[in-house]
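[1] Pasted the sequence and its predicted model underneath.
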Amino acid sequence: MALDQLYQQLILEHNRNPRHFGPLPDATHAGRGQDALCGDDILVELQIESDRIKAAAFSGEACAVTKASASLLTEWLVGREPAEIIEWVGRFERLLKDASIEDAPELGEINQLRAVSQFPARVRNALLPWDAALNALAGPEV
């Protein structure tokens, strides 16, 4: 199966059945991501204990690409250290923008989102949840 077909299946699946969608009652950190051009507005909430992300969730209104990226991200975040996330946001952005860089095995199926690089206007949609997660880590505890 071609990458663009895998990408389309992944986007559709996570848009229809997003993982970790909804409020996170025990959140310790929260960050918003907004894109005024397309109307995406999501909130990423994290529960951090003992310097590890114990739980992650997102809510809000967003296009299929943003919602799928947030769904994949919130699955991937659990169990990771906050400092690790800061590094990975930059690496994920480079993966989306530079096709010559090899997939990052640590990201698992998130690598399939690289297909958005064929649609430059969609790169910002894929990055929005990651920026919201950074905002959550940078902001004060809730």
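    The structure has been received and is ready for your questions.

[2] Which parts of this protein are strands?
    29-35, 40-49, 52-61 (DSSP state E).

[3] Just send those strands back as a markdown table, with mean pLDDT and mean neighbour count too.
    Bear in mind the C-beta positions are built from the backbone N, C-alpha and C, glycine included. Output for the strands of the chain, formatted as a markdown table (pLDDT from 0 to 100; neighbours: other C-beta atoms under 10 Å):
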| stretch | mean pLDDT | mean neighbour count |
| --- | --- | --- |
| strand 29-35 | 96 | 20 |
| strand 40-49 | 97 | 21 |
| strand 52-61 | 97 | 20 |
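
[4] would you turn those into TSV with distance to Gly90?
    Shown next, in TSV, are the strands of the chain (distance: least, C-beta to C-beta, whole Å):
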stretch	distance to Gly90
strand 29-35	16
strand 40-49	17
strand 52-61	18
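
[5] For the protein, which helix or strand comes out least confident on mean pLDDT?
    helix 3-16 (a mean of 78; mean pLDDT, DSSP states H and E).

[6] and the lengthiest helix in the chain with strand 40-49, angle?
    Taking DSSP state H as the criterion, the chain has its longest helix at helix 120-138. Helix 120-138 and strand 40-49 are oriented at 40 degrees to each other (axes from the mean of the first three to the mean of the last three C-alpha atoms, to 10 degrees).

[7] Quick check: mean pLDDT of helix 120-138?
    Here helix 120-138 scores 94 as its mean pLDDT.
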